[in-house]
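S.K.: Return atomic coordinates for the entry below.
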Amino acid sequence: MRTIFNIAPNYYCPRCKSTEIVDHGEYIECPKCCLDFFKEHIGEINVENILAEQELNGFINSFEDLKDNKIRKNFLKSLKDDNF
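M.R.: Residues are numbered from 1 along each chain as shown. Down below sits the predicted model:
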């Protein structure tokens, strides 16, 4: 059995709605789904549109230009600004 540390009572998993969430500072982890979500997206983006960090990285890595950290950071900011 896995021990859950740093329980984040103010958060829930956008995917499965589990409230057993691990707080890692900038992101939360859902042990049930094995997905990570950036905290800055929660509450800013509609729950059904929030991508897990793993999904977002897969999407972004498919674009060669977005592999540059500065370009990727600007792209993510523009998504947040557009409430994507």
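S.K.: how about the helices of the protein, start to end?
M.R.: 53-61, 69-81 (DSSP state H).
S.K.: For Gly43, find the nearest of the ones you listed.
M.R.: helix 69-81 (11.3 Å; C-beta to C-beta). For the C-beta atoms, the positions are set from N, CA and C on the backbone; glycine is no exception.
S.K.: Return the set of buried residues in the closest one.
M.R.: 72, 76, 79 (16 or more other C-beta atoms under 10 Å).
S.K.: Now distance to Cys30 and pLDDT too, for these, in a markdown table please.
M.R.: Listed next are those as a markdown table, based on distance: C-beta to C-beta, whole Å; pLDDT from 0 to 100:
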| residue | distance to Cys30 | pLDDT |
| --- | --- | --- |
| Arg72 | 23 | 80 |
| Leu76 | 20 | 81 |
| Leu79 | 21 | 80 |
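S.K.: ok, those residues vs Lys39, which is closest?
M.R.: Nearest member of the buried residues of helix 69-81 to Lys39, counting by C-beta to C-beta, is Leu76, at 13.5 Å.
S.K.: any idea how far the nearest residue to Val22 once chain neighbours are set aside lies from Cys13?
M.R.: For Val22, ignoring the flanking residues on the chain, the nearest one in space by C-beta to C-beta, 6 or more residues apart in numbering is Glu29 at 4.3 Å. Here the criterion is C-beta to C-beta, to the nearest Å. By it, Glu29 lies 9 Å from Cys13.
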